[in-house]
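S.K.: heads up, no residue letters with this:
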């Protein structure tokens, strides 16, 4: 199984367009210890020729240009991209679908809830429905990643709900403290190869580590996990926002209740933070926080990070 | 008046993600005579500090990163971008609005028709309506470009209809040969400084040169004009599409009925092609077609092209 990180940053990217926080400024100024990162997405392949995107970030065109594995191989029109699996309807996860126009056959995999959101926004009709299939996926029901023209990857994906929140732009304040979120709004993905092969998890957004989630991911070969914030009140403290991580549906990296602590004893072979907000000091190669996550056995994803999982 | 070309290519950009036409391949391979171009947009300023985007391309985040004039100047959050003027609801003209989130005050200027399209697609609600004003503009009614917090540019924009077609994703085949297009669907912009100052036109899509349009633009200081295709059947001939330029609402550059011929005698001081499709040979510095447009007095826009108009 081959995995490539297309983008490692949270919504807005690193640097973020209107953010002059010192982190964004260092990235903008070309500081070698603050490598820019586009918005979060990975791509997965069994054979290195057919690839599936996990989420379609607004930076997808730039990400395709930057990764030759996704360049067309045949003339006049072609793409190694067979499909996209969506974990929610966040702007930073669905906007890239609008880049995948130009009459290219594809499969979009998403929950009924997320497909409903796409259906209610006619701009996504730019993906020609005669060529781009929308296949509903169901929580806890494994499916094989397949292409629009019969390609079968042999890779199995099992979608499952994680604690989270409906996308910001779909929040309904009249529907109580969770803004009308339902179970299907935020999902994570378990990916496994043929029997006995490797198994990894893609969890770019998660609000809480439950015991059920901990048991599920125990012993995995690899996990990509929500690395949005270092501490819950980071955006407020740094004067760039008014929301806590909890309010946005994200567990923090540090602290007693944080991700590092929660995943310490689960025997996961490789742990990588992804979906990292521009304010999070783990983005900086020279920060104490980066040193702390590395010492705890975690890596920090970067654009172009390539992983072979066998 | 200061103008910066943020992106010079038509929808899909150059190279286009799934296109293996020799032009896209040369751009992808780093050929110095085939400089990559992002999707079409320009930004305009009176003072060099406050900028207005003309259209918001899907590549906007990359375009902001590449142009320091658009970087935040103050901490913690700031942007020189005061607003966006939309010429239609094409995916390559509106998708970038989704990049302008993160609670930044802005003004969106568009016709009632285009605002209606944004209103019908709830994903654009990610632009907080308390901070991002949507100001309707009316054909032939000049307005001053102004910011969300009282900034006044002194620049006047007059929107006017040009022959065109409704955005691809809004086409309604049941509504006859023009797919339900109305006058407001495709507009162009006349921009002028204080009385006696310069005047330029931004016309990234135009299906036909009418005598009324010719008279309007006669004697202008500068025009940016639709450079989508070299010849009308270029995409069919090159095997990358099934539509003619006319079908897509674009006049071609060359030929007796083409743009170069139509604008030859209008006394326009500076003429620049923009919104150039990946198949158009004028994108290549070493092509005969580039030589021909240059000899006819035209320039070919490129990303980062800077113009001072005084």
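M.R.: Received, thanks. Since the structure is predicted, the reported quantities are computational estimates derived from the model, not experimental observations.
S.K.: Make sure residue A:79 is actually in contact with residue A:104.
M.R.: Yes - at 5.5 Å, residue A:79 and residue A:104 qualify as touching, with contact defined as C-beta atoms under 8 Å. (C-beta placed from N, C-alpha, C; glycine too.)
S.K.: Common neighbours of the two, please.
M.R.: The contact sets of residue A:79 and residue A:104 overlap at residue B:18 (C-beta atoms under 8 Å, 6 or more residues apart in numbering or on different chains).
S.K.: between these two, who's got more neighbours?
M.R.: Per other C-beta atoms under 10 Å in any protein chain shown, whichever of residue A:79 and residue A:104 has more neighbours is residue A:79, with 22 against 19.
S.K.: what pairs with the spatially closest residue to residue A:135 that is not a sequence neighbour across the strands?
M.R.: Spatial nearest neighbour of residue A:135, chain neighbours left out: residue A:109 (5.3 Å); criterion: C-beta to C-beta, 6 or more residues apart in numbering or on different chains. For residue A:109, the beta-bridge partners under DSSP bridges are residue A:85, residue A:135.
S.K.: Report the separation between residue A:109 and residue B:81.
M.R.: From residue A:109 across to residue B:81, the span is 35 Å (C-beta to C-beta, to the nearest Å).
S.K.: for residue A:104, same thing?
M.R.: Distance, residue A:104 to residue B:81, using C-beta to C-beta: 32 Å.
S.K.: The longest strand that chain A contains: partners in the sheet, and parallel or antiparallel?
M.R.: Ordering each strand of chain A by length in residues (DSSP state E) puts strand A:152-161 first. With DSSP bridges as the test, strand A:152-161 is paired with strand A:143-146 (antiparallel), strand A:187-192 (antiparallel).
S.K.: tell me the average confidence for that strand?
M.R.: What strand A:152-161 shows for mean pLDDT is 97.
S.K.: what residues does it touch?
M.R.: A:1, A:44-47, A:50, A:52, A:82, A:85, A:109, A:111, A:137-147, A:183-184, A:186-194, A:216.
S.K.: Which strands or helices does the least confident helix or strand in chain A by mean pLDDT pack on?
M.R.: Lowest by mean pLDDT, DSSP states H and E among the helices and strands of chain A is helix A:245-248, with a mean of 82. Contact partners of helix A:245-248 among helices and strands, from 3 or more C-beta pairs under 8 Å, 6 or more residues apart in numbering or on different chains; DSSP states H and E: none.
S.K.: buried set for it?
M.R.: For helix A:245-248, a neighbour-count test (16 or more other C-beta atoms under 10 Å in any protein chain shown) marks A:245-248 as buried.
S.K.: starting at the chain centroid, how far to it?
M.R.: 17 Å (C-alpha atoms, centre = their mean, to the nearest Å).
S.K.: for whichever helix or strand comes after it, which positions count as buried?
M.R.: Tracing the chain past helix A:245-248, the next element assigned as helix or strand by DSSP states H and E is helix A:259-262. Residues of helix A:259-262 classed as buried: A:259-260, A:262 (neighbour count, 16+ other C-beta under 10 Å).
S.K.: tell me which of these is nearest to chain B?
M.R.: Here the nearest of the buried residues of helix A:259-262 to chain B, counting by C-beta to the nearest C-beta, is residue A:259; it sits at 23.8 Å.
S.K.: any weak-confidence spans in chain A?
M.R.: Scanning chain A with the threshold set as pLDDT under 70 gives A:166.
S.K.: Would you map the strands across it?
M.R.: A:2-7, A:41-45, A:51-54, A:81-85, A:106-111, A:132-137, A:143-146, A:152-161, A:187-192, A:199-203, A:222-226, A:271-274, A:298-300, A:306-308.
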